[in-house]
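S.K.: Build me a model from this:
(chains A and B)
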Amino acid sequence: GIQVEQSPPDLILQEGANSTLRCNFSDSVNNLQWFHQNPWGQLINLFYIPSGTKQNGRLSATTVATERYSLLYISSSQTTDSGVYFCAVGGTGRRALTFGSGTRLQVQP
Amino acid sequence: GAVVSQHPSWVICKSGTSVKIECRSLDFQATTMFWYRQFPKQSLMLMATSNEGSKATYEQGVEKDKFLINHASLTLSTLTVTSAHPEDSSFYICSARDQAVNTEAFFGQGTRLTVV
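M.R.: This is a model prediction of the structure:
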């Protein structure tokens, strides 16, 4: 099946710093989503982005499908951004999502 | 975005008993729903695909007789953990997509199961 790798696995930032999270995938995808998992376990949808670039406030994401990677940018980080960020992909013929291992982000005041 | 509701949020049960978890799509219909499991500090792993009106499809290594899935309507799927044991303690999360739009997936709040 499709493989999804995320980097870095852990990231510690000072409040106000910017960061880039990366997601590499091993095959063509027709679905790519970024999630933030909060301390209670809830997965918050950040972006549905199988290709192209999107922005939502301090967050933006870019997927280059031909090169099989996606990037999540967080600008001016806040302590509430802390948590685990997951990239998940769906390939042709498979509607379920395959998750990467996540990036654990800690933003310090 | 679409809303997926999962109940209960947490449950504690005794070893040997069964626990049922419900997953509902509140504002859309879904012929297919998905059940994932997440152990502490790990990623989400797909357990099974729930198909409305037919049998569920289980991932390799997931016991279908232990994790019973029923998808009786276009808005409800249930996961029953039968004869639960401490090793079944985990975080269970369901997911669904609006079949009419077929784009992004939405997730329930998750159920934290503790078997004592």
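
S.K.: do stretch B:98-112 and chain A meet at all?
M.R.: Yes - applying CB under 8 Å from any CB of the partner chain, one finds stretch B:98-112 touching chain A at B:103-107, B:109-110, B:112. Yep, even glycine has a C-beta here, placed from its N, CA and C like the rest.

S.K.: Now which of the residues you listed would you call buried?
M.R.: B:104-107, B:109-110, B:112 (16 or more other CB atoms under 10 Å in any protein chain shown).

S.K.: Distance to B:Glu63, secondary structure and pLDDT for the residues of stretch B:98-112 next to chain A - can I get that in JSON lines?
M.R.: Supplementary listing: those in JSON lines, determined by distance: CB to CB, whole Å; DSSP: H, G, I helix; E, B strand; the rest coil; pLDDT from 0 to 100:
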{"residue": "B:Thr103", "distance to B:Glu63": "32", "secondary structure": "coil", "pLDDT": "78"}
{"residue": "B:Glu104", "distance to B:Glu63": "30", "secondary structure": "coil", "pLDDT": "89"}
{"residue": "B:Ala105", "distance to B:Glu63": "25", "secondary structure": "coil", "pLDDT": "92"}
{"residue": "B:Phe106", "distance to B:Glu63": "27", "secondary structure": "strand", "pLDDT": "93"}
{"residue": "B:Phe107", "distance to B:Glu63": "23", "secondary structure": "strand", "pLDDT": "96"}
{"residue": "B:Gln109", "distance to B:Glu63": "25", "secondary structure": "coil", "pLDDT": "96"}
{"residue": "B:Gly110", "distance to B:Glu63": "21", "secondary structure": "coil", "pLDDT": "97"}
{"residue": "B:Arg112", "distance to B:Glu63": "21", "secondary structure": "strand", "pLDDT": "97"}
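
S.K.: List the beta-bridge partners for residue 73.
M.R.: As the question left the chain open, I've gone with chain A. For A:Tyr73, the beta-bridge partners are A:Thr20, A:Ser60 (DSSP bridges).

S.K.: Sorry, I should have been clearer: chain B.
M.R.: Beta-bridge partners, per DSSP bridges, of B:Ser73: B:Leu76.

S.K.: That one and B:Thr31 touch, don't they?
M.R.: No - the criterion here is CB atoms under 8 Å, and B:Ser73 misses it with B:Thr31 at 10.3 Å.

S.K.: joint contacts of those two?
M.R.: B:Glu52 (CB atoms under 8 Å, 6 or more residues apart in numbering or on different chains).

S.K.: Find the closest residue to chain A in chain B.
M.R.: Going by CB to the nearest CB, chain A is nearest to B:Glu104 of chain B, at 3.6 Å.

S.K.: A:His108 touches A:Leu11, doesn't it?
M.R.: Quick fix: residue A:108 reads Gln, not His. No - counting by CB under 8 Å, A:Leu11 is not a contact partner of A:Gln108; they are 11.2 Å apart.
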